[in-house]
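Chemist: model this:
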Amino acid sequence: MAILECRDPAISAAVDQYVQSQSGVGRPISTSEAVQVLRTPLAKCYLSDRALAELVAASATNGGRSLFVGP
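Modeler: A predicted model of the protein is given here:
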């Protein structure tokens, strides 16, 4: 999975906020679940689901979180 750089600070902030909100859940962060949740506040996001999932993965791994990469 390639690490993607996002130039839109609103998208990056939303992704980081989602990852941080999952810190107390006690399970790996699901990229597919994250994309579904993030599509509501980021309705006009120009990124594909895959690119958004890659941002979630990058944010999670940078924060020391484990991932579940689902369908």
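Chemist: Give me the most central residue, this structure.
Modeler: Central residue of the chain (CA atoms, centre = their mean): residue 56, 2.2 Å from the mean position.
Chemist: which residues does that one contact?
Modeler: 15, 18-19, 29, 31, 34-35, 38 (CB atoms under 8 Å, 6 or more residues apart in numbering). For the C-beta atoms, the positions are set from N, CA and C on the backbone; glycine is no exception.
Chemist: Tell me where the protein is predicted with low confidence.
Modeler: Within the chain, the ranges that satisfy pLDDT under 70 run 1-5, 70-71.
Chemist: What ranges does it have for its helices?
Modeler: Taking DSSP state H to define them, one finds helices in the chain at 9-21, 31-38, 49-62.
Chemist: pull the CA atoms of the second one into PDB?
Modeler: The C-alpha atoms that make up helix 31-38 are tabulated as PDB, following Å, rounded to 0.1, in the frame of the first residue of the first chain:
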ATOM      1  CA  THR A  31      -9.700   0.900   6.600                       C
ATOM      2  CA  SER A  32     -13.000  -0.100   4.900                       C
ATOM      3  CA  GLU A  33     -15.000   1.000   8.000                       C
ATOM      4  CA  ALA A  34     -13.000   4.200   8.200                       C
ATOM      5  CA  VAL A  35     -13.800   5.000   4.500                       C
ATOM      6  CA  GLN A  36     -17.500   4.400   5.100                       C
ATOM      7  CA  VAL A  37     -17.500   6.700   8.200                       C
ATOM      8  CA  LEU A  38     -15.400   9.400   6.500                       C
END
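Chemist: Rebuild the contacts of residue 56 as CSV, extending it with distance to residue 47 and neighbour count.
Modeler: What follows is those, written out as CSV (distance: CB to CB, whole Å; neighbours: other CB atoms under 10 Å):
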residue, distance to residue 47, neighbour count
15, 10, 26
18, 14, 21
19, 16, 21
29, 17, 22
31, 13, 23
34, 12, 24
35, 10, 23
38, 10, 22
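Chemist: hang on, the earlier thing: to residue 68, which of the helices of the chain lies closest?
Modeler: The closest of the helices of the chain to residue 68 is helix 31-38. By CB to CB, the value is 7.1 Å.
Chemist: Appreciated, that's everything.
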